[in-house]
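sequence unknown, structure follows:
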């Protein structure tokens, strides 16, 4: 069936759940949260400034390696790359943590389609 052929009664209305209700009901298990992992990686990396932070660590690492301290340089470059990868790998968990504490993140993640909140 093509999307244009779907009747309006077949589409479930998405319930608007306020932030305070989400914050109070999430630990109690009152909501089902669906996170799009691909969108969450990009959103969390942007929201936490992961790329500029990684570059701020990798840059001095390269400078140390060129200045004659190769092991310090390798450690800093590895830490910068590892930090960025850890943030993107744990993005759904980080998003859920941020959304349960910041109303702006909760609203933005829902409006962008990164996270969907449903009642079970």
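Nice, thanks for sending it over. The structure presented is a predicted model; accordingly, all values stated were derived computationally and were not measured. Numbering: from 1, shown residues only.

In this structure residue 36 contacts residue 114, no?
Yes: with contact defined as C-beta atoms under 8 Å, residue 36 reaches residue 114; the gap is 5.7 Å. Just so you know, the C-beta spots here come from the backbone N, C-alpha and C atoms, and that holds for glycine as well.

give the contact list for the nearest residue to residue 73 once chain neighbours are set aside.
Spatial nearest neighbour of residue 73, chain neighbours left out: residue 65 (2.8 Å); criterion: C-beta to C-beta, 6 or more residues apart in numbering. In this structure, residue 65 makes contact with 72-74, 77, judged by C-beta atoms under 8 Å, 6 or more residues apart in numbering.

Kindly report the same for residue 95.
Counting by C-beta under 8 Å, 6+ apart, residue 95 makes contact with 35, 40, 43-44, 105, 109, 114-115.

could you pull out the strands for this structure?
Listed in chain order, the strands of the chain (DSSP state E) span 32-35, 115-118.

Report the strands that pair with the last one, each with its relative direction.
Yep, that's strand 115-118 we're talking about. strand 32-35 (antiparallel) (DSSP bridges).

Would you check how far apart the closest residue to residue 88 other than its chain neighbours and residue 83 are?
Nearest non-adjacent residue to residue 88, counting by C-beta to C-beta, 6+ apart: residue 41, 4.6 Å away. Distance from residue 41 to residue 83, counting by C-beta to C-beta, to the nearest Å: 14 Å.

what does residue 46 give?
The value you get for residue 46 to residue 83, if C-beta to C-beta is used, is 15 Å.

who's more crowded, those two?
Comparing residue 46 with residue 83 by other C-beta atoms under 10 Å, the one with more neighbours is residue 83, at 16 against 10.
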